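Colleague: Fold the following and give me the result.
(chains A and B)
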2 protein chains.
Amino acid sequence: MTPHPRQIRLGVSMIGMGYHLAAWRHPEASAGGNMELAHFVRVAQAAERGLFDMAFLADGVGIRFHDEPPGALCRTSKNVQFEPLTLLSALAMVTERVGLVATASTTYNEPYHVARKFASLDHLSGGRAGWNVVTSVTNMEAANFNLDAAPSYASRYERAAEFVEVVRGLWDSWEDDAFIRDKASGINFDQAKLHVLNHKGKHFSVRGPLNVARTPQGAPVIVQAGASDEGRELAAATADVVYAAAQTLEEARAYYASVKGRMARYGREPDALKIMPGIMAIPGATRQVAQDRYDILQELVEPIVGLGALAGSLGDLSGFDLDGPVPPPVSQRMLSRAKIFLGMAERGGLSIRQLYLAIAGGNGHRMVIGTPADIADAMEEWFLGEAADGFNILPPWLPGGLEDVVDQVVPELQRRGLYRTAYAGRTLRDHLGIAPPDNRRAVLATLQAAK
Amino acid sequence: MTPHPRQIRLGVSMIGMGYHLAAWRHPEASAGGNMELAHFVRVAQAAERGLFDMAFLADGVGIRFHDEPPGALCRTSKNVQFEPLTLLSALAMVTERVGLVATASTTYNEPYHVARKFASLDHLSGGRAGWNVVTSVTNMEAANFNLDAAPSYASRYERAAEFVEVVRGLWDSWEDDAFIRDKASGINFDQAKLHVLNHKGKHFSVRGPLNVARTPQGAPVIVQAGASDEGRELAAATADVVYAAAQTLEEARAYYASVKGRMARYGREPDALKIMPGIMAIPGATRQVAQDRYDILQELVEPIVGLGALAGSLGDLSGFDLDGPVPPPVSQRMLSRAKIFLGMAERGGLSIRQLYLAIAGGNGHRMVIGTPADIADAMEEWFLGEAADGFNILPPWLPGGLEDVVDQVVPELQRRGLYRTAYAGRTLRDHLGIAPPDNRRAVLATLQAAK
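Modeller: Numbers count the residues shown, from 1 in each chain, chains lettered A, B, ... in the order given. Just a heads-up that it's a prediction; the model follows:
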């Protein structure tokens, strides 16, 4: 079939043993996979076999262990994991094309460190690095960094915006052709092509230059997941990719229009940013086979674990009747995830038990269980309906849940002309169809010289 | 020959294209090797072929570019490099036994981040990670982290000591057998084997636990290079390996006795810490061949580059007669490297030119140019003379300078029964003969339970 002029982009979230709460208990899962390199090698190689744009690692800088009912924590596998930058650097050696995106928080980090690490990964991987920019919201993480509580939302976002600006500035420290390395003359680099950042802002004073050469992609890809107003604005200003969470086409379309609509004020074309909502896709030869595959996991969700999964957003609900209604939130400032959960409960008239079972798989993301054609239909509807440029696949368990998508859904998308049949380029920007950024300092230097 | 009861340990500093100022201009060097993965793969694999205990990456969090005469910086290759943790994670995938040691500064970092990254590398590499603990002394680095000048020496060391304590505490968050991962019961880990650090100190409040399991080595190896009194004390208290810089046997013996002598007050046996002075070893079939190999590089040292290399320690001397005496230092607080340089100048009656040529190779470390037997003699003298437990090889250029040592010096050491003929173990601690540390929190919990 003739390829569609637009092509679906695919990423995969390779968190632990999978996205489903009970993933680690899946009969075919390696129960200790979250600390097994071989597990992640298999996942990343499956993503590459599926010609995915990228494999993505979520991250937190701490383990959550309050707000949850006692006894919940030790029944989940969300406890230990590899540090993302080190793991992705290792995976760069056993893959050749798939993009490698790591989460790094702007809240307890320094832009110089973050700029270096992602630049280094971009070099190591031949231009496949991406940075998922987040802020750290939990008090459990704050307590690992000299604070009793996380900074306010406004402060976190203000810092995040300046942080990204500094990192991008540091990535422009060297022009692409700064390094001459002429053994005969002894000139290693052209001093005129080294740019000192000299950033002085509210949160950061960073002189630069970065001690890493400009990267194969010009700059690593910037990913965000901004759901709030500030988050959408930051994404419109700076992101190359946005991970979104939406349950319905209407929500997804509204989000898509909102973020793309903000880009013009930053002088950006809408297509320079790819919006990729999360989707838990569970394919099977028949709908019943798919449903059975999902039910294997659902049957493993104990109430205490389900309540634990709600606790981070809605507080400890273990004192309420599990088969009664979901009580209103206790916190004044509601997290975006809490809003999604409450919306799901309201739309479906769900009890507490029904709600935790509904989010046990996709954690509030869209879920499609069915034949490969069903899943391709669901993707196509959003893709052609201006609700998505691609999708971030959230496999219920790994690697099997991803391999199912690669083996069943990818061929169906290819038949429809909506998905690549081979990688055309080498870098993550190539896959996404997003040009390397100009070196802004080089442009500035040229303008000044022309005066 | 019967193996000697003590065995020499070897590491290699794989900085850029080599330790010599002109390494990148060596006819056989890849001039852009500092940003080429293939270059470092070759270096790490050469170290492993030589059965080295470890390969070591120095690091700084910035590029130095003042104090040096104008025009010096662009004539050196000490400008860009891979970030160490990302590079070593990649190298873990193409090596199987050699230890992987990265420098990370305690001055502008957070212990939680550092604990995670090295724990992650230890898991990825199957127990081969080491952390070289340093403080960041230069103002150029401070300016990348919101400061005009580096913190005082006392403040840096106080912070470093607490930093190491926190990191070690975080590494003990989980007992070795904390993870049950029983799919049938749904119990992922034993809550009693998770320990919350709750550190509250002068510089850090860190709650923990770490979100990485206890590592294959129990804890990554801790390396230090403390030359000052505080540095020696910190090493005696916490280090598994010390890199030292000494020119003479007397200096090295005094340093060795000083550091080992401090260990008893921390309840440590002298053999629990390995002292490995740096040595630039340049072997050749004859002494003349070796000298010729060195002279290739010495002839490439231009005065401005030599002055640049002195500038960091002694200031910009370009206003002085190059063939006149080395002037006294301008700074009141002398760096340890400045003391070494001035000692060399005094002992040898060196002019400025002679001094920069003398340090162009080893930067103040011991240098031995000669036959493999000459170099083995030099090592053996220090090793048997209680001046060294092993050596950190500083190849003048990479990978050739390392390959020369592997191919010529290693067999000579093996013939003398002073060096392994095969790796006996899998982990860096195995190679070094240093036992994994007890989990101090597990010990504490046991003691409390026994009360």
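Colleague: Next up, the contacts around the closest residue to residue A:382 other than its chain neighbours.
Modeller: By the measure of Cβ to Cβ, 6 or more residues apart in numbering or on different chains, the closest residue to residue A:382 outside its immediate chain neighbours is residue A:388, 4.2 Å from it. In this view, the C-beta of every residue, glycine as well, is placed from N, C-alpha and C. When contacts are counted by Cβ atoms under 8 Å, 6 or more residues apart in numbering or on different chains, residue A:388 touches A:244, A:252, A:256, A:275-277, A:379, A:382.
Colleague: Now find how far off-centre stretch A:184-201 is within its chain.
Modeller: 33 Å (Cα atoms, centre = their mean, to the nearest Å).
Colleague: got the CA coordinates for it in CSV?
Modeller: Taking C-alpha atoms only, stretch A:184-201 is exported to CSV below (Å, rounded to 0.1, in the frame of the first residue of the first chain):
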residue,chain,number,x,y,z
ALA,A,184,50.6,19.3,11.8
SER,A,185,49.8,22.8,13.1
GLY,A,186,48.9,21.6,16.6
ILE,A,187,45.6,23.5,16.5
ASN,A,188,43.0,21.3,18.1
PHE,A,189,40.0,23.6,17.8
ASP,A,190,38.9,26.9,16.3
GLN,A,191,38.6,29.3,19.3
ALA,A,192,36.0,31.4,17.4
LYS,A,193,33.7,28.4,17.3
LEU,A,194,33.7,27.9,21.1
HIS,A,195,30.9,29.9,22.8
VAL,A,196,30.7,30.6,26.4
LEU,A,197,27.2,30.6,27.7
ASN,A,198,27.5,33.1,30.6
HIS,A,199,23.9,32.4,31.7
LYS,A,200,22.8,34.5,34.7
GLY,A,201,19.2,33.8,35.7
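Colleague: can you list the residues that contact it?
Modeller: Residues from elsewhere that reach stretch A:184-201, judged by Cβ under 8 Å, 6+ apart: A:162, A:165-166, A:169-170, A:172-175, A:177-182, A:205-209, A:441-442, A:445, B:24-25, B:31, B:73-77, B:79, B:300, B:302, B:305.
Colleague: tell me the mean pLDDT over the longest strand seen in chain A?
Modeller: The strand that spans the most residues within chain A, counting by DSSP state E, is strand A:274-283. Per-residue pLDDT over strand A:274-283 has a mean of 97.
Colleague: one step back: from residue A:278, how far off is the residue nearest to residue A:382?
Modeller: For residue A:388, the distance to residue A:278 equals 10 Å [Cβ to Cβ, to the nearest Å].
Colleague: What of residue A:125?
Modeller: Residue A:125 sits at a distance of 24 Å from residue A:278 (criterion: Cβ to Cβ).
Colleague: And those two? Which one has more around it.
Modeller: Taking neighbours as other Cβ atoms under 10 Å in any protein chain shown, residue A:125 and residue A:278 compare with residue A:125 leading, 31 against 23.
Colleague: Looking at the more buried one now. What's its pLDDT?
Modeller: Residue-level confidence at residue A:125 comes out at 98, pLDDT.
Colleague: Pretty sure it sits against residue A:96.
Modeller: No - under the contact definition of Cβ atoms under 8 Å, residue A:125 does not touch residue A:96, with a separation of 9.2 Å.
Colleague: picking up where we left off before, let's see the ChimeraX selection covering just the buried ones among the contacts of stretch A:184-201.
Modeller: The buried subset of the contacts of stretch A:184-201, as determined by 16 or more other Cβ atoms under 10 Å in any protein chain shown, is captured in ChimeraX by this line:
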select /A:162,165,166,169,170,172,173,174,175,178,179,181,205,206,207,208,209,441,442 /B:24,25,31,73,74,75,76,77,79,300,302,305
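Colleague: which regions of the stretch 251-400 of chain A sit below the pLDDT cut-off?
Modeller: Per-residue confidence of the stretch 251-400 of chain A (counting by pLDDT under 70) places the weak regions at A:330-335.
Colleague: Nearest to chain B: which residue in it?
Modeller: For the stretch 251-400 of chain A, the nearest residue to chain B under the criterion Cβ to the nearest Cβ is residue A:302, separated by 5.9 Å.
Colleague: What spatial separation is found between that residue and residue A:321?
Modeller: Looking at residue A:302 against residue A:321, where the rule is Cβ to Cβ, the gap reads 17 Å.
Colleague: Next: residue A:82.
Modeller: Going from residue A:82 to residue A:321 by Cβ to Cβ gives 40 Å.
Colleague: More neighbours: those two, which one.
Modeller: Neighbour totals were compared for residue A:82 and residue A:321, and residue A:82 leads with 30 against 10 (other Cβ under 10 Å).
Colleague: what's the closest non-adjacent residue to that one?
Modeller: Nearest residue to residue A:82 in three dimensions, chain neighbours excluded: residue B:120, at 4.8 Å (Cβ to Cβ, 6+ apart).
Colleague: Remind me what whichever strand or helix holds that neighbour packs against, helices and strands.
Modeller: Assigning secondary structure by DSSP states H and E places residue B:120 in helix B:111-124. Contacts defined by 3 or more Cβ pairs under 8 Å, 6 or more residues apart in numbering or on different chains; DSSP states H and E place helix B:111-124 against helix A:84-91, helix B:84-91, strand B:99-105, strand B:129-134, helix B:153-171.
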